[in-house]
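# return atomic coordinates for the entry below.
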Amino acid sequence: PLPTGLVYDDLGNVALDPDMQVRETIAHFFGTFARVGSASQTVKAFRAEGLLFPSRLHNSQTVFRPLTASTAVRVLHNPRYAGAYAYGRRQFRRTIDGKKTVRARDNDDWLACIPDAHPGYISWEQHQENLKILEANGHGYKDARASIPREGSALLQGRAVCGQCGRHFRVRYAARRGRQESWYVCDRAHSYRGDPSCQSIAGHAIDEAVGQLIAQQMTPAAVELALEVRKEIEARHEEADQLRSRAIERAQTEADLAQRRFM
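Sure thing, here's the model as predicted:
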């Protein structure tokens, strides 16, 4: 069976779902992941925007439900959303007591993989890039790796790396003297193994120094880029509003149909 968002047409070929709300929601999902770089952050973005994600039931009926992390990861791993036909992604075996076990194969061990076999929501190259991002996110903070910026008043949240152990700093906030202060804390060794904390640094001085450095680098091109980012944010809000309008139209259609059936 095809995943949600893909259907068979009259000729038996794979095509995008004719339901405009389903197509736009899935496209918005991949666009959101490309922006935030995390499955969990994508789920939070959908929740903050009040958007639901389509899900196909066994009777081929499509319903809209809150997006979950497991659904997000499953969609991101599915190559069919990139227009690729894949076979043999899982290996089924039976144990000695007759129970069936399922084991996921590595990409190189798939029995068949044909990119550009049918229309998709993203390109095959973008699908491969999404898998690399998911793999990097799964490594946690074991290595000093690129991390997406987090929300919060700390300027370097999700970006600052400890110069002693190479791990990313956590950010802690504390209310002192009537204002909120940020601290960059490296305590992962303490959390994982009970070792002494590496170091902790007050965030105000660091944020001020980095802020001055950024201000010195502000060129007309950088200002123009900031304006382009603002336009992108506005376009993203308009896209979310359009998806919510689609949901309202769908609910109105279903209500009118139910009323006609009742009468």
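
# once you drop chain neighbours, what's closest to residue 91?
residue 103 (4.9 Å; C-beta to C-beta, 6 or more residues apart in numbering). No exception for glycine: its C-beta is placed from N, CA and C like everyone else's.

# actually, residue 8.
residue 14 (6.4 Å).

# helix, strand, or coil at the residue nearest to residue 91?
Under DSSP: H, G, I helix; E, B strand; the rest coil, residue 103 falls in the strand class.

# my read: it touches residue 95, true?
No. Counting by C-beta atoms under 8 Å, residue 103 stays clear of residue 95, with 11.7 Å between them.

# can you give me the neighbour number for residue 208?
Counted with other C-beta atoms under 10 Å, residues neighbouring residue 208 total 11.

# where does it sit: helix, strand or coil?
helix.

# surely residue 39 meets residue 71?
No. Using C-beta under 8 Å, residue 39 makes no contact with residue 71, being 9.2 Å away.

# the two: which is more packed in?
residue 39 (24 against 17).

# burial measure for the closest residue to that one other than its chain neighbours, as a count.
Once flanking residues are discounted, residue 39 sits nearest to residue 72: 4.2 Å by C-beta to C-beta, 6+ apart. For residue 72, the tally of surrounding residues (other C-beta under 10 Å) stands at 22.

# quick one on the thing from earlier: joint contacts of residue 39 and residue 71?
Counting by C-beta atoms under 8 Å, 6 or more residues apart in numbering, residue 39 and residue 71 have no common neighbour.

# can you tell me what sits against the strand or helix carrying the residue nearest to residue 39?
Using DSSP states H and E, residue 72 sits within helix 69-77. Residues from elsewhere that reach helix 69-77 (C-beta under 8 Å, 6+ apart): 3, 26, 29, 33, 39-40, 42-43, 53, 55, 81, 130-131, 134.

# now the helix or strand containing residue 132 - C-alpha only, PDB.
Following DSSP H and E, one finds residue 132 within helix 124-138. Output in PDB follows, covering the C-alpha atoms of helix 124-138 (Å, rounded to 0.1, in the frame of the first residue of the first chain):
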ATOM      1  CA  TRP A 124      15.900  12.100  -4.000                       C
ATOM      2  CA  GLU A 125      18.800  14.400  -3.100                       C
ATOM      3  CA  GLN A 126      16.700  16.200  -0.500                       C
ATOM      4  CA  HIS A 127      15.600  12.800   0.900                       C
ATOM      5  CA  GLN A 128      19.300  11.700   1.300                       C
ATOM      6  CA  GLU A 129      20.000  15.000   3.000                       C
ATOM      7  CA  ASN A 130      17.100  14.600   5.400                       C
ATOM      8  CA  LEU A 131      18.400  11.100   6.400                       C
ATOM      9  CA  LYS A 132      21.800  12.600   7.200                       C
ATOM     10  CA  ILE A 133      20.200  15.200   9.400                       C
ATOM     11  CA  LEU A 134      18.200  12.600  11.300                       C
ATOM     12  CA  GLU A 135      21.400  10.500  11.700                       C
ATOM     13  CA  ALA A 136      23.300  13.500  13.100                       C
ATOM     14  CA  ASN A 137      20.400  14.300  15.400                       C
ATOM     15  CA  GLY A 138      20.500  10.800  16.700                       C
END
